[in-house]
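Asker: generate a structure from the sequence data that follows.
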Amino acid sequence: MKFYSRTRQLLSDPGLEAEYRNAHEIGRVRAGSRNIFFRSGIRSYAVPYAEMARCYRRIMQVPMKMCCGSGNLDVEYLVLEDSDGEIAQIQLPGKKAAVALMDELKKAAPELQFTPPSGNSGHKDSRRSDSEVQQ
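Answerer: Purely as a prediction, here's the structure:
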């Protein structure tokens with residue numbers, strides 16, 4: 001299996017595939033011992049915890065209309081950031097999966113910050129689309 005860095009460079013570390021197989025899978029994300037793995041399009045990405053400054057949940061409300069009225073659907077995302085800003089925003093299957101994934105990440109990488117940056121509650125005006133990676 002081929003893995004790419006967040007800058008879309010092909011990674012050649014032979015240990016990545018073994019770590020990917022042993023990583024705990026939650027939705028489209030796998031929490032490994034040294035990396036977090038996710039898919040975006042046809043590529044699989046591996047982002048080392050050492051390159052991340054923080055990760056947190058982002059909940060976006062999507063308005064929806066049904067036969068009996070309208071309401072909002074909460075869509076959960078995992079946001080990965082480095083010191084320069086957002087690396088990726090990855091859609092998760094739901095709240096239960098998001099909580100489980102955050103627990104896994106807290107065990108695997110306790111040095112990370114698990115709260116949104118202060119001042120913007122984790123929301124940016126120029127949000128990236130689902131699982132889009134910065135170039």
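Asker: helices or strands up against the longest helix along the chain?
Answerer: In terms of residue count, the longest helix belonging to the chain (DSSP state H) is helix 95-108. Packing contacts for helix 95-108, counted by 3 or more Cβ pairs under 8 Å, 6 or more residues apart in numbering; DSSP states H and E, involve strand 24-26, strand 29-31, strand 54-66, strand 69-82. Where you see a C-beta, it was placed from the backbone N, CA and C, and this is true even at glycine.
Asker: for residue 16, find the nearest of the ones you listed.
Answerer: strand 29-31 (11.0 Å; Cβ to Cβ).
Asker: show me how far the helix or strand following that closest one is from its chain's centre.
Answerer: Per DSSP states H and E, strand 29-31 leads on to strand 35-40 as the next helix or strand towards the C-terminus. Mean C-alpha position of strand 35-40 versus that of the full chain (Cα atoms, centre = their mean, to the nearest Å) differs by 7 Å.
Asker: helices and strands around strand 35-40, which ones?
Answerer: helix 16-22, strand 29-31, strand 43-48, strand 85-91.
Asker: that older thread, give me the angle between the longest helix of the chain and strand 54-66.
Answerer: Between helix 95-108 and strand 54-66, the angle comes out at 180 degrees (axes from the mean of the first three to the mean of the last three Cα atoms, to 10 degrees).
Asker: buried residues, helix 95-108. List them.
Answerer: Residues of helix 95-108 classed as buried under the neighbour-count rule (16 or more other Cβ atoms under 10 Å) are 97-98, 101-102, 104-105, 108.
Asker: turn those residues into a markdown table, columns for distance to residue 31 and pLDDT.
Answerer: Output for the buried residues of helix 95-108, formatted as a markdown table (distance: Cβ to Cβ, whole Å; pLDDT from 0 to 100):
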| residue | distance to residue 31 | pLDDT |
| --- | --- | --- |
| 97 | 12 | 92 |
| 98 | 12 | 93 |
| 101 | 7 | 94 |
| 102 | 10 | 94 |
| 104 | 4 | 93 |
| 105 | 6 | 94 |
| 108 | 5 | 92 |
